[in-house]
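For reference, the sequence and a predicted model appear below.
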Amino acid sequence: MLRRVRQSLRQVLFLMARRPALLCGAIVLGVLLVLAVKFTCSRAKNVVAAARPPVRFFSTEAPVVDLYLGQLDQVERLRSVAEVSLIFFYAPWCAHSMAARQEVQQVAKKLAKQVQFVAVNCWWSQGKCRKQNRFYQYPTIHLFYRRFGPIEYKGPFVAPYVESFILRVITPLTYLPSRATLKEFLSYHEPRVVGFFQFNSSPQPPGYITYLSSALQALKRDFRGVVRFGVVTNKQVAEAISLEDDETVYLYRRLNSSLIFPRRERNFTSEAICSWVFEHHETVLHWLQPPGTKSRLLERELTKGPALLLFLPHNPLGSNPNPILQQVADIAVRYHSCDNNNHSSLDKSFTSHSLCCQSVLLPESSTSVCEVCLSLSRSRLTSSSVRCSFPSTAQGGDVLQTYLRHCCLHQESAPVSIKPTTSEGCSNLLNSYSPFSRYSACCRKVEPQLNESQAKEEPDMQRVPLTPHSSSIPPSSGPQWGGDGITGLRCQTNRTLRFYVLDVALNWPLAVRLGATGNRSASLHQEAGAQGDGSGDGSFAAIVNLKDEVHYVLHRSPATTLTESLEAFIRNFSAPHSLLQRHLVGEEDRKGVEGGTRHPNKHQHSPPRPLITELTTSSFLPSVMDLQKDVLLFYYTQWCGFCSVLNHIIIQLARLLQGNSTITVARVNVARNDLPWEFMVDHVPSILLFPKYRKHFSVKFPDDLPITLPNLLHFILQHSGSVQYADKPVMASSETEGSGPSAIFHAEFLALQREVQMLRNARERLSQQLAQLWRDNRRLTFDTRSLEAQNTELQQERQSLEEQHREKSRQLSEAVRRLQELADTSENLLNENTLLRVLLRALKDRTEAKEQAEVERKEAEQKRSHMAS
């Protein structure tokens, strides 16, 4: 191969040597080829245009430092100067960042003096923010409190929410200087933590910074601030909740005993305190905030069991209390209060109270009187400026009557003293989870002059003259009775509810999908609150049972309060045989031929009669149960391929029957329209015929017959009421049920209905019992598995201990053997040492003898030599 290549090159060189023009042409072509390749490659690099340099994202008037080049090093410098900093990471092209920009600007204009607002462009490829951070979504807000952070904000990018969250970070602790503020702090439904720190010896006690960091850790874990932290510096105030030691953290709980942070068992660090609080806190109301995008948040919560979804006009991050939320929280706490006697020791801390009472005559009776008493501390009553006053009627309106009319309904005792401590007819009008009594009510029968006589007998009570319908109780409180039917209901039924609260301003589309009526703006609460459910407070409630695929909507009456409606709603749901009607969700009525939900009037010829009537949830029963028409109903869904194939057959059938006004061809999309259970089918497509005069004799098209036009016509002619009762005049329902075979048939039909209802009730009871047995069996199975796992672990531990014991015994025996060998060796060495000493002594003696003999010999020789000389 190489030889051939060499030969070819030699021939080319020989030809080029013979023809110089060919050599020059080849050189020129090579140079042109190289230049063409170079220019082509240089242009390929410039095909993608360079990105434009970024510009300011925020306006120059906004008090926001816009680092649009992604200077992350300047962020650290700005954050080190300010006490509280908000870092807004954005992408200039992101629509969510653009929408949040206006909200952040509004907040920055309000809180510019307290918070350092910094915006960083994290999309610029040459900036440090893009190189060092990897954000999966924009925008992202990080808050820093001094050196603590970042605290990521995960809520909606709405100005009120962002502002409330920043204020919560600025003041993570609530200062509680007196017992009154402590009472108010512990009276809300959120979990509350109180820290006791004395500021006597030093400006800041050693554990105060740790406690402050734990409050920030709680905000970092849950941006909604479910757990509120307070601090007490007065020892007398701390004694109200039985706190004596300094640097003590107290977790207040309503359903169980309150706890104190175990400093001997856990390290006193912010992470340990935050973890301990979240492990032991109680939450009866769960806030939900769907992100508005694809998410499984609702699915995860609804799969836990039946859920009561409450849409309220309230910001969970706000600091102002909401009376509607207080009513809901009161119901939730009483629903979860299984043990009525389980109260915190705090209930006994404020017992020195005097009463300020007002008599209110009930409208239902002229002899029943409700004594409403306001509980005041003695320290406050000693002041001469204190007056016994109740809120005026103008503040509460006629809301008082809805609360006081329950005063004497449950038990009407004999004329007794009006002291709440001795009256059996008394009940506290307060939130059951609050440890501080404010209102109480007593029921009694009185004569016209009974109030004055009892006023003389009770000189220690300040009396207010009898003024019927003149007092008012705050709407946040409600009547409390031991047998109100809602207290402890969670432990009395298997249909346990979980309470979820959503902001109606942000989640109104979800409320509409659940059954709320009327249009509503996201920024207005009160205008649309009065629509649909009859409530003027902007609230909406629904119970969703995902397991049974049903949900119920609370329809409030204007004459009832939210507390009464919710209590009745929950009791009806928890009953063994619920009286609630399943709410059906369907498509809105369409216009003309597309919807077909309007029924044309016989006297109006303007709206044309649709070829196929499209039914929805609202128009289903009026159309199908029309006694004057035979209704052929076609069940379909938009994802059913066989349904689409049959559309042309249904259209042909409708065209053939278009001239007959007594036969209606209709269809319903069962995927978008909920129907009553008795009208549901097990598969699609399905065809049912509801004959006139005999709607209870509905007939289903046979599944074994092909759905063709001749078969459908034969099916209609065979089972329609228009064929069998063509010459029979239409009679009133009273006449048809009066005599003849129809009455007998109607009586038999009613008997069958009763039997079917009894069978359904028995089936429900049996299903409940089977469900309970299944749960018990499942629990026993889990217990057995856990015990078996524990037994296996114990067996493994026993085997490992035995192996360790054998190994230790072997090691000990080996050590004893070695020690014995060492002892024997040492004894031999001692014997040898003794023998060596004896030998050395003998050698020493022999050497000394030799030396002595040598010395004597030398002396003898010297004597001889001396004598010889």
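That came in fine, so what should we check first? Numbers count the residues shown, from 1 in each chain.

make it CA atoms for all contacts and neighbour counts henceforth
Noted.

At which residues are the helices of the stretch 751-869 of the chain located?
Ranges of helices in the stretch 751-869 of the chain, per DSSP state H, counting those that start in this stretch: none exist.

Assign residue 126 to helix, strand or coil.
Here residue 126 is recorded as coil under DSSP: H, G, I helix; E, B strand; the rest coil.

Can you give me every residue that contacts it?
69, 70 (Cα atoms under 8 Å, 6 or more residues apart in numbering).

Other residues contacting the strand or helix carrying residue 238?
Here residue 238 sits within helix 235-238, counting by DSSP states H and E. Under the contact criterion Cα under 8 Å, 6+ apart, helix 235-238 has outside partners 177, 178, 179, 182, 196, 198, 232, 243, 244.

now swap in stretch 660-674 and tell me
So stretch 660-674 is contacted by 584-587, 611-617, 628-638, 654, 657, 722 (Cα under 8 Å, 6+ apart).

Just give me the neighbour total for residue 493.
By other Cα atoms under 10 Å, the residues close to residue 493 number 12.

could you measure it against residue 305, distance?
13 Å (Cα to Cα, to the nearest Å).

The residue lying closest to residue 65 once chain neighbours are set aside in helix, strand or coil?
Once flanking residues are discounted, residue 65 sits nearest to residue 118: 4.7 Å by Cα to Cα, 6 or more residues apart in numbering. For residue 118, the assignment made with three-state DSSP gives strand.

what about residue 704, distance to residue 686?
12 Å.

what's the closest non-adjacent residue to residue 158?
Nearest to residue 158 is residue 103, by Cα to Cα, 6+ apart, at 5.8 Å.

List the neighbours of the helix or strand harbouring that neighbour that are in contact with it.
For residue 103, the host element (DSSP H and E) is helix 95-111. Contact partners of helix 95-111, identified using Cα under 8 Å, 6+ apart, comprise 58, 62-64, 90-92, 115, 117, 138-139, 157-159, 162-163.

Buried ones in that helix, by neighbour count?
97, 98, 100, 101, 102, 103, 104, 105, 106, 107, 108, 111 (16 or more other Cα atoms under 10 Å).

where in the stretch 301-450 of the chain is pLDDT low?
339-450 (pLDDT under 70).

So in the protein, where's the weakest helix or strand by average pLDDT?
helix 450-457 (a mean of 34; mean pLDDT, DSSP states H and E).

what's the neighbour count on residue 510?
15.

Please read the previous query as pertaining to residue 63.
Residue 63, neighbours per other Cα under 10 Å, totals 21.

three-state assignment of it?
Under three-state DSSP, residue 63 comes out as coil.

That one and residue 115 touch, don't they?
No. Using Cα atoms under 8 Å, residue 63 is not in contact with residue 115, being 10.1 Å away.

which SSE is residue 142 in?
strand 140-145.

repeat for residue 194
Per DSSP H and E: strand 192-196 holds residue 194.

Adjacent strands (with direction) for that strand?
strand 228-232 (parallel), strand 248-252 (antiparallel) (DSSP bridges).

contacting residues around the first one?
Yep, that's strand 228-232 we're talking about. 172-177, 185, 190-198, 215, 238.

Show the buried residues in those.
Applying 16+ other Cα under 10 Å to those, the neighbour count classes 172-176, 185, 190-198, 215, 238 as buried.

For residue 811, grab the count of nearby residues.
Residue 811 - counted by other Cα under 10 Å - has 12 other residues nearby.

ugh, wrong one, I meant residue 146
Neighbour count of residue 146, defined by other Cα under 10 Å: 13.

What pLDDT does the model give the residue nearest to it when sequence neighbours are not counted?
Spatially, and ignoring its direct neighbours in sequence, residue 146 is nearest to residue 83 (4.8 Å; Cα to Cα, 6+ apart). Model confidence at residue 83, expressed as pLDDT, equals 89.

List the contacts of residue 83.
So residue 83 contacts 115, 144, 145, 146 (Cα under 8 Å, 6+ apart).

Look up how far residue 163 lies from it.
For residue 83, the distance to residue 163 - Cα to Cα - is 16 Å.

List the contacts of residue 266.
residue 272.

Can you classify it by secondary structure?
The three-state label for residue 266, taken from three-state DSSP, comes out as coil.

how close does it sit to residue 275?
Applying Cα to Cα to residue 266 and residue 275 gives a distance of 11 Å.

Give the residues shared as contacts by these two.
What both residue 266 and residue 275 touch, as defined by Cα under 8 Å, 6+ apart, is an empty set.

quick one: which helix or strand includes residue 650?
Following DSSP H and E, one finds residue 650 within helix 647-656.

Can you list the strands that the next helix or strand after that helix pairs with?
Downstream of helix 647-656, the next assigned helix or strand under DSSP H and E is strand 663-669. Paired strands of strand 663-669, with direction, are strand 613-615 (parallel), strand 630-636 (parallel) (DSSP bridges).
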